[in-house]
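K.L.:
no FASTA, just this:
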């Protein structure tokens with residue numbers, strides 16, 4: 001099951017990025033200096049577009065594994081399943097109890113995920 005990003009966040013990034021870039025161009029046209037904003041605006045817009053097109057994380061109910069994918073690049077981290085330990089729910093957080101008994105939070109949050117998909121994963125994990 002693939003969980004996508006909450007669409008509010010990437011849309012806000014795109015609006016802020018484009019707005020920042022346009023204001024930087026206006027500032028440069030009027031004779032000012034806006035060097036960092038010329039870089040920051042497109043970067044924010046790019047991050048927003050990537051969040052709209054990529055999945056936030058994937059949950060495999062058969063192996064009970066969560067795979068968190070990097071926003072930029074091919075890097076991926078896995079929790080639970082073959083890595084040892086088990087996943088469980090504590091409130092609205094997904095926790096990972098490792099094979100040595102140490103409990104850690106899985107680095108995914110309700111705020112960043114789409115609500116219906118988040119609830120579906122919580123139901124399957126719990």
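P.N.:
Everything's here; your move. Quick caveat: nothing in here was measured; it's all calculated off a predicted structure.

K.L.:
Could you find the closest non-adjacent residue to residue 12?
P.N.:
Setting aside the residues directly before and after it, residue 12 is nearest to residue 48 in space (C-beta to C-beta, 6 or more residues apart in numbering), at 7.4 Å. The way it works is simple: take the backbone N, C-alpha and C, and place the C-beta from them, glycine included.

K.L.:
quick one: that neighbour and residue 67, what's the gap?
P.N.:
23 Å (C-beta to C-beta, to the nearest Å).

K.L.:
more neighbours, the two?
P.N.:
residue 48 (22 against 17; other C-beta atoms under 10 Å).

K.L.:
Assess the claim that that one and residue 19 are in contact.
P.N.:
No - in this structure, residue 48 is not within contact of residue 19 by C-beta atoms under 8 Å, at 11.7 Å.

K.L.:
sec struct for the residue of the chain positioned farthest from its centre, please.
P.N.:
Using C-alpha atoms, centre = their mean, the residue of the chain lying farthest from its centre is residue 31. It sits 38.0 Å away. Three-state assignment for residue 31 (DSSP: H, G, I helix; E, B strand; the rest coil): coil.
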